[in-house]
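Asker: Structure for this input, please:
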Amino acid sequence: MVDSVKASDTDLDKVRERYRIEREKRMNRAQPGTPAHDLGVDLDQYIEDSYTRPVPRAPVFDEVEVLCVGAGFAGLLVGANMKKAGFRSVRLVDSAGDVGGVWYWNRYPEAKCDVESLVYMPLLEETGYIPTLKYAPAPEIGEHARRIARLYHLYEHALFHTTVTRIVWDGERNRWRVRTDRGDEMLAQFVVLCLGPMNKIKLAGIPGADSFKGKSFHTSRWDYAYTGGSPTDPDLSRLKDKVVGFIGTGATGLQCVAPLGASAKQLYVFQRTPSTVGPRNNGPIDPAIVRSYPPGWQVRRRNNFTAIVNDGKSVEEDLVDDGWTEVYRDLLASPRYAGLSPEAKALERERVDFEKMEAIRSRVARIVRDPATAEALKPQYNYQCKRPGWHDEYLQAFNLPNVALIDTDGKGVEAITANGVIANGKEYPLDCLIYGTGFETETLANQHIGIDIVGRAGVTLAEKWSKGVTTLHGMTVSGFPNFFVIPAHSGQAVITTNVVHMSQEYAEHVAYMAKSVRDRGAEAFELSAEAEAEWVREILARRIDTTEFLKACTPGRNNNEGRVDQRPLQNTVFGGGAFEYFRVLANWRATNRLPGFELFGVGNKAREQDRSAVP
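Answerer: Residues are numbered from 1 along each chain as shown. Take a look at the predicted model:
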């Protein structure tokens, strides 16, 4: 970072009060987390695939060994590991037109990963691919997803532009019946829910969203026919005579604003809460250096990053050495904490947080020339309240004469009209309105999945989780045989900053379990209620109570828009850290006994006679 600023107790008292005032401004908004569909907004125009058109096909009636709902990196990693485990018929089903998940949908200008490519993009050694940049652009990441699908032959059974609508356990066949919106009815021995946390777009609850008569779209459905340019060309030439409004100043906004500002006649950026914006310092990767790394380099590098950023471990060498690791080395593992009591350590950590945030705010002041705009762009909250942002052109864009920040002082946009947006009591006429409002990640697990999943005895997953999530390791659920949930949905595992790291660990575990069932000659497994209850007790016992910290944060994704205490206590992550959780999984596998599970059903060979049956 920059500008080392030491925090006195007086400084801390002042900043706490400033943070409190900024939080209360945002909490006073009536319904800060209301999704657009709850206000009656028709989302169809926003979720239609603007990149590829569905290809007509006949409904599918068949059986596969493994069916993955979702074809993002989680689905691809599950598919790859299932193929490595010897499963031949692995089907990916996705509403998108190809694999890639969020990297299929997010093709907005200058979209890039914010975690280093060498640890974020999975299976680099297996595919032999070396990313071009430290933070790779979306088209390159999308192509890498397709590379994985080709390498592991995952296109063979895949169904795209297809949405799973209902999954029902068939106890007579010991199979899942899977139905889709295209009339498919398939059997699957194992079903893995791999939807990811960003499978539903969010417009935010702004009254009048359906009334706007100009062009509007969500960033995950970018309309290049309207704006000009392409995912590889940020020159949005068709906006040169357009007045554009952009709602959202999170990770997406940090990347979109600069190309929009460079292209539009006028750009208004509507802000409720500013993001932290550290320097990105992107640059090319030298392939020769990567080729010189000894085998296993990606796992070592990935583990090194997670150890620093998630678990706060002191490491001999920071292999990634970027903004993430620099900040979290200081926040979580500073030598300043050595020998301190828990109370003193908490106070010292608050000082470190203040110093980091002062560096962020100082950077804003140095870059943004207009003092009022700079002040509005300074984030006023603790560093860990929101996912940090990084960019080298976002703040600079506000120095352009055609770019205006419309800071709403925490209230957010008041309304959308036929002609534009109302903020701070003023209407801003627009030709185009773009939503950079992200995805619905804060909804409860039983609501977020959005699929009618019916287990044994006719109980739905939504019903079972209505009072709180119950799983073993965040992945399996009692009453739902041969069913896996990637923990982005359950939460009862760990959520790493590098989400692909956790997906890889989960995929290996899921494949091990499915292979163990097959190798034992059984057809199905079922988790015992006792093992499930024990894991819930473990989650609660190991839970790190961050309630008071999150309550003090400005509303956002991390704290359920300020209503952190409205979630069941068990809907939380494993409190022991990433690597302890990974050790729990490894030790469980090492028993080679599938503790907590019952295996049942006739041998797989007996099923071969029934393969031709149509469900």
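Asker: drop to CA atoms for contacts and neighbour counts, all remaining ones
Answerer: Noted.
Asker: Run a quick neighbour tally on the residue lying closest to V459 once chain neighbours are set aside.
Answerer: Distance criterion CA to CA, 6 or more residues apart in numbering; nearest residue to V459, sequence neighbours excluded, is G479 at 7.9 Å. The local packing of G479 (other CA atoms under 10 Å) involves 21 other residues.
Asker: ok, G479 - contacts?
Answerer: 455-457, 459, 526-527 (CA atoms under 8 Å, 6 or more residues apart in numbering).
Asker: confidence score at it?
Answerer: Note for G479: predicted pLDDT of 97.
Asker: quick one, strands of the stretch 1-150 of the chain?
Answerer: Using DSSP state E, counting those that start in this stretch, the strands assigned to the stretch 1-150 of the chain run over residues 63-69, 90-93.
Asker: Please apply the same query to the stretch 501-615 of the chain.
Answerer: Under DSSP E, counting those that start in this stretch, the stretch 501-615 of the chain gives strands at 524-527, 597-600.
Asker: Could you say which of the ones you listed is packed most deeply?
Answerer: strand 524-527 (a mean of 23; mean count of other CA atoms under 10 Å).
Asker: For that strand, give the mean pLDDT please.
Answerer: Mean predicted lDDT for strand 524-527 stands at 97.
Asker: Show me the strands paired with it, marking each as parallel or antiparallel.
Answerer: Here strand 524-527 is paired, per DSSP bridges, with strand 597-600 (antiparallel).
Asker: Residues in contact with the partner strand: which ones?
Answerer: Under CA under 8 Å, 6+ apart, the answer for strand 597-600 is 517, 522-528.
Asker: now stretch 131-148
Answerer: Contacts of stretch 131-148 (CA under 8 Å, 6+ apart): 72-73, 76, 80, 98-100, 103-104, 106-107, 110-118, 121, 123, 127, 231-232, 282-286.
Asker: What's the first helix or strand after the helix ranked longest in the chain?
Answerer: Criterion DSSP state H: the longest helix present in the chain is helix 342-367. Using DSSP states H and E, the helix or strand that follows helix 342-367 in sequence is helix 371-376.
Asker: Now do the helix or strand that that next one is followed by: which elements does it pack against?
Answerer: As assigned by DSSP H and E, the chain's next helix or strand after helix 371-376 is strand 389-390. In this structure, strand 389-390 packs against helix 251-263, strand 277-278, with contacts taken as 3 or more CA pairs under 8 Å, 6 or more residues apart in numbering; DSSP states H and E.
Asker: Strand partners (parallel or antiparallel) of strand 389-390?
Answerer: Strand 389-390 is paired, per DSSP bridges, with strand 277-278 (parallel).
Asker: tell me how far the partner strand is from the chain's mean position?
Answerer: Remark: strand 277-278 is offset 19 Å from the chain centroid, using CA atoms, centre = their mean, to the nearest Å.
Asker: Could you do stretch 67-75 as well?
Answerer: Stretch 67-75 has its C-alpha centroid displaced from the chain centroid by 14 Å (CA atoms, centre = their mean).
Asker: Please save the CA atoms from that stretch in PDB.
Answerer: The C-alpha trace of stretch 67-75 is given here as PDB (Å, rounded to 0.1, in the frame of the first residue of the first chain):
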ATOM      1  CA  LEU A  67     -25.600 -35.200 -13.400                       C
ATOM      2  CA  CYS A  68     -24.200 -31.800 -12.400                       C
ATOM      3  CA  VAL A  69     -26.600 -28.900 -12.200                       C
ATOM      4  CA  GLY A  70     -24.400 -26.100 -13.400                       C
ATOM      5  CA  ALA A  71     -21.400 -25.900 -15.800                       C
ATOM      6  CA  GLY A  72     -19.200 -23.200 -14.200                       C
ATOM      7  CA  PHE A  73     -15.900 -24.000 -12.700                       C
ATOM      8  CA  ALA A  74     -17.500 -26.000  -9.900                       C
ATOM      9  CA  GLY A  75     -19.400 -28.200 -12.300                       C
END
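Asker: Next one: N281 from R302, what distance?
Answerer: 20 Å (CA to CA, to the nearest Å).
Asker: er, G389 actually
Answerer: From G389 to R302 the distance is 20 Å (CA to CA).
Asker: Next, the contact list for the closest residue to E110 other than its chain neighbours, please.
Answerer: Ranked by CA to CA, 6+ apart and with sequence neighbours excluded, the top spatial neighbour of E110 is Q255, at 5.9 Å. Listed by CA under 8 Å, 6+ apart, the contact partners of Q255 are 109-112, 391, 394.
Asker: D184: which of those is nearest?
Answerer: A111 (34.2 Å; CA to CA).
Asker: Skipping adjacent residues, who's closest to the closest one in space?
Answerer: A138 (5.4 Å).
Asker: H218 too?
Answerer: Counting by CA to CA, 6+ apart, the residue nearest H218 is Y435, at 4.6 Å.
Asker: That neighbour bridge partners, please.
Answerer: Bridge pairing for Y435 - DSSP bridges - gives H218, I247.
Asker: what about it, neighbour count?
Answerer: Other residues within reach of Y435, judged by other CA under 10 Å, total 23.
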